[in-house]
Each structure stands twice: as C-alpha cells, then as structure tokens.
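> 3D model of this:
(chains A, B and C)
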Amino acid sequence: MAASETNDAARRIFTAIRAIPKGEVAGYGEVARRAGLPGRARMVARLLSTASEPNLPWHRVLRSDGRIAFPDGSEGFREQSARLRAEGVRVDAGKVVGARKPRTLDESLWGPPE
DNA sequence: GTTCTGACTGCGA
DNA sequence: GTCGCAGCCAGAA
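Next up is the predicted model:
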C-alpha cells in the first residue's frame, strides 16, 4: 500500500519528536531528515498543526535558526516558550538559548559520535 | 481539475 | 543582520 507510506512517514516524525530528550531542541528539517523526509520540513510543521498528539513535545521543535516558528506574541509562541522554560531551556526574544543546537542534536539524539 | 497557503530551508545579494 | 527567490509536500477552497 503506497498510501501507508505517508502514514508511516508521519509516524516516524512523531517518533523522532518524542525521541527528543528533555531540555533539548530540534529543528523541523532535522526531524524531517531523521524521519526519512529530507527537505520535507513543511510536512512536519503541518503535521504538528493538524495532528492532535497530547504526548507530543512539539514545543521542542524549532526553526533552523533556533527560533520559535510562531510569530512573536502569538498564543503558540507563549505556549512553546513557556514549556521550554519549564524544561530548563532559556528563551530570549523568541530565540532559544542554552539548549542543544539543532546541529549538535544530530549526534546527541540519533547518532552518538564514534 | 487548478490555485493558494502554510508552525520551513538553504543560498545568494 | 536582513531580504528575496526557489524548492518541497499536503490539505483546503
């Protein structure tokens, strides 16, 4: 069933996001790439906005710049920044500081450097 | 069926 | 540092 490919991809994305350790953050592209969808960052974003996963740490997913994808002052913005702070992540002007950078996350989360 | 939009990314100027 | 352009996929109008 080719149709399950999309579902499988979504499942991988959710798994990837859930695999993000507390206090760390990942980028949309990073998650998408690890899910087997390089360049499909938009799909991850759309998934989060549509999917209703209560156990999904979506607040740990940021843009490639390490910034929150929501517009400054938006509800989602406050929600995400508040959740990150609750996990020990410092958020300054919508930018995450002190947490693992999306690039380093690659080795810290999925593939430990040998 | 086509067209637009979107919690995006990367590169060049 | 900011701005613009092109590429990508899925859902909604």
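
> Can you tell me which residues in chain A are near DNA strand C?
A:6, A:39-43, A:46, A:50 (C-beta under 7 Å from any atom of the strand). Where you see a C-beta, it was placed from the backbone N, CA and C, and this is true even at glycine.

> let's see it at 10 Å
With the criterion set to C-beta under 10 Å from any atom of the strand, chain A comes near DNA strand C through A:3, A:5-7, A:9-10, A:28-29, A:32, A:37-43, A:45-47, A:49-50, A:65-67, A:95.

> Now go through the residues you listed and say which are in strands.
residue A:95 (DSSP state E).

> Now list the buried members of the residues of chain A next to DNA strand C.
A:9-10, A:28-29, A:32, A:37, A:40-41, A:43, A:45, A:47, A:66 (16 or more other C-beta atoms under 10 Å).

> Which ones among those also lie next to DNA strand B?
Filtering those for proximity to DNA strand B by C-beta under 10 Å from any atom of the strand leaves A:28-29, A:32, A:40-41, A:43, A:45, A:47, A:66.

> Please tabulate those in a markdown table, including the columns pLDDT.
A markdown table is the format used below for those (pLDDT from 0 to 100):
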| residue | pLDDT |
| --- | --- |
| A:28 | 91 |
| A:29 | 87 |
| A:32 | 88 |
| A:40 | 88 |
| A:41 | 90 |
| A:43 | 89 |
| A:45 | 90 |
| A:47 | 88 |
| A:66 | 84 |
